[in-house]
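*Asks:* Just the structure for this:
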Amino acid sequence: MVHFDSNENGQFDFVRTNGSVDGPYVEGTQAVVESAEISVEHEERTTSDGGFDIGLVPLVAAGFVLLALVVLAAVVARRR
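*Replies:* Next up is the predicted model:
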């Protein structure tokens with residue numbers, strides 16, 4: 001569930017204010033909620049020439065995908 005900084009102070013105040021500030025994005029009366037599942041298989045790799053080990057590329061890519069999903073949910077909710 002993505003929350004927005006409604007008082008624009010750069011802090012997450014939702015809990016401290018018992019939900020009166022920095023609430024979740026909503027669509028109608030429902031909070032916008034999205035889930036994602038990421039599974040990364042790790043394979044041990046060694047390089048004999050000291051080159052770049054591409055074993056971490058899927059993990060980094062999965063992190064970017066997750067970040068993109070969160071940002072997209074926030075943009076969609078804000079436009080409604």
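
*Asks:* and L69, what element?
*Replies:* Element membership of L69, judged by DSSP states H and E, is helix 57-79.

*Asks:* ok, and what's touching that helix?
*Replies:* V2, F4, Y25, V26, E27, V32, E34, A36, I38, V40, E41, H42 (C-beta atoms under 8 Å, 6 or more residues apart in numbering). All C-beta atoms are positioned from the backbone trio N, CA, C, and that covers glycine.

*Asks:* in this protein, what spans have low per-residue confidence?
*Replies:* 42-56, 77, 79-80 (pLDDT under 70).

*Asks:* hmm, back to that, chain center to the helix holding L69: distance?
*Replies:* 5 Å (C-alpha atoms, centre = their mean, to the nearest Å).

*Asks:* ok, back up a step: which of the contacts of helix 57-79 fall within strands?
*Replies:* The members of those that map onto strands under DSSP state E are V26, E27.

*Asks:* Just the buried subset of the contacts of helix 57-79, written out for PyMOL, thanks.
*Replies:* Burial among the contacts of helix 57-79 is assessed by 16 or more other C-beta atoms under 10 Å; the matching PyMOL selection reads:
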select buried, resi 2+25+32
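
*Asks:* okay if I get the contacts of helix 57-79 as a markdown table plus distance to L67?
*Replies:* Below are the contacts of helix 57-79 laid out as a markdown table (distance: C-beta to C-beta, whole Å):
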| residue | distance to L67 |
| --- | --- |
| V2 | 12 |
| F4 | 16 |
| Y25 | 16 |
| V26 | 22 |
| E27 | 21 |
| V32 | 16 |
| E34 | 13 |
| A36 | 10 |
| I38 | 11 |
| V40 | 15 |
| E41 | 21 |
| H42 | 20 |
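
*Asks:* Of the contacts of helix 57-79, which pair is most distant in space?
*Replies:* V26 and H42 (38.3 Å; C-beta to C-beta).

*Asks:* how close does F4 sit to V60?
*Replies:* Separation of F4 from V60 (C-beta to C-beta, to the nearest Å): 27 Å.

*Asks:* Can you tell me the closest non-neighbouring residue to F14?
*Replies:* What sits nearest to F14 in space, not counting adjacent residues and going by C-beta to C-beta, 6 or more residues apart in numbering, is D22, at 4.3 Å.

*Asks:* Many thanks, I have nothing further to ask.
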